[in-house]
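J.: coords please:
(one chain, ligands or ions: 2)
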Amino acid sequence: MVRLPLKEGFETSFGRIHSRLVFLVWIEGNGLTGWGEVVAAEEPRYSYETLGTASHVIRDYLAQALMATPVTTLNDLAARFAPFKGHHMAKAGIELAYQDLSARMQNKSLSELIGGTRKRVPVGVSLGIQPTLAALLERIDRYLALGYQRIKLKIKPGWDLEVVDQVRRRYPDTLFSVDANSAYTLNDRDHLKALDDFDLLMIEQPLDHDDLLDHAKLQAELKTAICLDESITTLRRAEQALDLKSCRLINIKIGRVGGYSQALAIHDLCKERRIPVWCGGMLESGVGRAHNLALASLPGFTLPGDISASSRYFDRDVIVPEVLVAADGTVEVPRCPGLGFEVDLAYIERCTEASEQIHRKS
Ligand code: OSB
Ligand code: MG
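T.: Ligands and ions are numbered 1, 2, ... in the order given. Have a look, this model is predicted:
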């Protein structure tokens, strides 16, 4: 558990944080090390998972399933985890480390291992709720100047229509989206319909975190595309969302869906149904960010992802080199084996609040 201070607080409809306690996972095997990250937060606000629940589930169930017999494939690993309900972020943390280890063993980059095709991926930035409109405009200026291709504004009741209106007036041609993190209900439909005036790329997760039906009702009345984040937790939920027309876009987060196996399956489904997808973020350290880059190199990821530069959140990242965004708003997908970055063990140790090792029972 590595505490990384944030350069500035990050505020969403469920609160403000000033540092990120990052749960890094490494797996040793065949003389190599694979790295993953559990993206759960300290409090169960985005989803029910926390660093505490993930530690418990990994320690008491997943680690034993992982180490019982040698793992043959990603699907073998996913099948061992499937009997345990939920706890997707915990499962994904192990899957990520396993995939990094597999890639290193095969001398392939993560992107190559999963069939990525892009050499660079387009990226956007997610801007938290600000104390004032002026503070928001200053940040939009800053990130547009750095090249980011799309700006996502966090919204909540009281920080929505007026803010988006002012922003759109000042930047008539910029690609904007909004993310409510489930801060509204269907009773707010008329209020949300007013967002149609601002030519947004999408409205992300306006309603309940586990809802599909109300989103379908809302999407039928909106011109703007709804993008689901929190609600898409499995391949089946993605299929149901598309069948119900609950959304026109999907944001894929490896942690939210329980790992690479589900993320790849949701990507393939959306590609077949011509639904654009993009890679979401959870304020990951460089380890999680490197995995997101690999995922976003798949062909179906046609929209800019929430994969910002390390320096957007941290003064110093846990990987070397740090993730950089080029002036054209793209990030290079590494081609060296595994993650494609060095993990900075000395810095990780300096910031570690707790650590634990689990060994195979012999
Ligand atoms: O809803 O996409 C979200 C961060 C934490 C939890 C949920 C979300 C977010 C972000 C930031 O929007 C994305 C990032 O830059 O990592
Ligand atoms: Mg979101």
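
J.: Pull the contacting residues for residue 144.
T.: 151, 171, 174 (Cβ atoms under 8 Å, 6 or more residues apart in numbering). All C-beta spots, glycine's among them, are computed from the backbone N, C-alpha and C.

J.: Is the host helix or strand of it in proximity to ligand 1?
T.: Here residue 144, judged by DSSP states H and E, is contained in helix 133-145. No. Helix 133-145 does not reach ligand 1 (Cβ under 6 Å from any ligand atom); its nearest approach is 11.1 Å.

J.: Only the buried residues of that helix, if you could.
T.: The neighbour-count check on helix 133-145 (16 or more other Cβ atoms under 10 Å) flags 136, 137, 139, 140, 143 as buried.

J.: swap in stretch 260-274?
T.: Using 16+ other Cβ under 10 Å as the test for burial, stretch 260-274 gives 260, 261, 262, 263, 264, 265, 266, 267, 269, 270, 271.

J.: if we can go back for a sec, the next helix-or-strand element following the helix holding residue 144 near ligand 2 at all?
T.: Next helix or strand after helix 133-145 toward the C-terminus (DSSP H and E): strand 151-154. No. Counting by Cβ under 5 Å from the ion, ligand 2 is not contacted by strand 151-154; separation bottoms out at 8.1 Å.

J.: For strand 151-154, give me every contacting residue.
T.: 11-13, 124-129, 136, 140, 143-144, 163-164, 167, 174-181, 204, 306.

J.: can I get the CA coordinates of the helix or strand residue 214 falls within in CSV?
T.: Remark: residue 214 resides in helix 213-221, with elements defined by DSSP H and E. Output in CSV follows, covering the C-alpha atoms of helix 213-221 (Å, rounded to 0.1, in the frame of the first residue of the first chain):
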residue,chain,number,x,y,z
LEU,A,213,-33.4,0.5,-17.0
ASP,A,214,-33.5,4.1,-16.0
HIS,A,215,-30.6,4.9,-18.2
ALA,A,216,-32.5,3.3,-21.1
LYS,A,217,-35.4,5.6,-20.4
LEU,A,218,-33.2,8.6,-20.2
GLN,A,219,-31.2,7.7,-23.3
ALA,A,220,-34.4,7.5,-25.3
GLU,A,221,-35.1,11.2,-24.4
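
J.: what packs against that helix?
T.: Using 3 or more Cβ pairs under 8 Å, 6 or more residues apart in numbering; DSSP states H and E as the contact test, the elements touching helix 213-221 are helix 189-193, strand 226-228, helix 235-244.

J.: what about whichever strand or helix holds residue 57 and ligand 1, any contact?
T.: For residue 57, the host element (DSSP H and E) is helix 51-57. No. Helix 51-57 does not reach ligand 1 (Cβ under 6 Å from any ligand atom); its nearest approach is 13.8 Å.

J.: oh, and call the first residue 334 from now on, that's how I've got it
T.: Sure thing, new numbering starts at 334, so read that last one as helix 384-390.

J.: Buried residues, that helix. List them.
T.: 384, 386, 387, 388, 390.

J.: Going by distance to residue 425, which of those wins?
T.: residue 387 (9.5 Å; Cβ to Cβ).

J.: Also within reach of ligand 2: list those from the contacts of strand 484-487.
T.: Filtering those for proximity to ligand 2 by Cβ under 5 Å from the ion leaves 512, 537.

J.: among the contacts of strand 484-487, which ones are buried?
T.: 344-346, 457-462, 469, 473, 476, 496-497, 500, 508-514, 537, 639.

J.: now, which of those lie within helices?
T.: Using DSSP state H, 469, 473, 476, 496, 497, 500 are the members of these that sit in helices.

J.: Closest one of those residues to ligand 1?
T.: Ranked by distance to ligand 1 (Cβ to the nearest ligand atom), those are led by residue 476 at 11.1 Å.

J.: so what's the closest one up against?
T.: Residue 476 sits next to 458, 460, 484, 645 when contact means Cβ under 8 Å, 6+ apart.

J.: What about those, which are in strands?
T.: Per DSSP state E, strands hold the following members of the contacts of residue 476: 458, 460, 484.

J.: how about the strands of this structure, start to end?
T.: 335-345, 348-362, 365-371, 453-455, 458-460, 484-487, 509-512, 536-537, 559-561, 582-585, 610-612, 652-653, 663-665, 675-676.

J.: and the closest residue to ligand 1 within the stretch 384-533 of the chain, bridged to which residues?
T.: Ranked by Cβ to the nearest ligand atom, the top residue of the stretch 384-533 of the chain for proximity to ligand 1 is residue 459, at 3.6 Å. When bridges are called by DSSP bridges, residue 459 pairs up with residue 485.

J.: Tell me the residue of this protein that sits nearest ligand 2?
T.: residue 562 (3.6 Å; Cβ to the ion).

J.: my guess is that residue contacts residue 612, does it?
T.: No. With contact defined as Cβ atoms under 8 Å, residue 562 does not reach residue 612; the gap is 11.3 Å.

J.: which residues are common contacts for the two?
T.: Here residue 562 and residue 612 have 584, 586 as joint contacts, going by Cβ under 8 Å, 6+ apart.

J.: the more surrounded of those two?
T.: More crowded of residue 562 and residue 612, by other Cβ atoms under 10 Å: residue 612, with 26 against 22.
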